[in-house]
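Chemist: Next comes the sequence, and after it the predicted model I'd like to discuss.
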Amino acid sequence: MPRYEYRCRTCGDTFELSRPMAESSAPASCPSGHDDTVKLLSTVAVGGTASAPAPTPRAGAGGGGGGCCGGGCCG
């Protein structure tokens, strides 16, 4: 379920709520009970690690590959 960040205009506190996307624009009360809140634009956080792309074979480096005959029988 997505998490949305809000700020209370009355007390200035920032808080998060997990709610369905269909309710993303519904009013939210702050933890102190104030109703004058605004939804903040949040950055998207994606877990995981970055990895380097797979190496690209060099031309003429041996091994199979392409061409009209599949790379093994042409001289």
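Modeler: Cool, the structure landed. Numbers count the residues shown, from 1 in each chain.
Chemist: C-alpha only now, for contacts and for neighbours.
Modeler: Noted.
Chemist: Can you show me the strands along the chain?
Modeler: Ranges of strands in the chain, per DSSP state E, are 3-8, 14-18, 37-39.
Chemist: Could you list every helix and strand that the last one packs against?
Modeler: Secondary structure elements in contact with strand 37-39, counted by 3 or more CA pairs under 8 Å, 6 or more residues apart in numbering; DSSP states H and E, are strand 3-8.
Chemist: and if you look at the first one?
Modeler: For strand 3-8, the elements it packs on are strand 14-18, strand 37-39, judged by 3+ CA pairs under 8 Å, 6+ apart.
Chemist: highest average neighbour count across these?
Modeler: Among those, strand 37-39 has the highest mean neighbour count (mean count of other CA atoms under 10 Å), at a mean of 18.
Chemist: Could you give the average pLDDT over that strand?
Modeler: Average pLDDT, strand 37-39: 94.
Chemist: go on, stretch 20-27?
Modeler: Average pLDDT, stretch 20-27: 89.
Chemist: show me where pLDDT drops low in this structure?
Modeler: Applying pLDDT under 70 to the chain flags residues 43-48, 50-52, 54-75.
Chemist: Out of the strands of the chain, which is closest to Pro27?
Modeler: strand 37-39 (7.5 Å; CA to CA).
Chemist: Can you pull out the residues in contact with that closest one?
Modeler: Strand 37-39 has contacts (CA atoms under 8 Å, 6 or more residues apart in numbering) with Tyr4, Glu5, Tyr6, Arg7, Cys8, Arg9, Thr10, Ser25, Pro27, Ala28, Ser29, Cys30.
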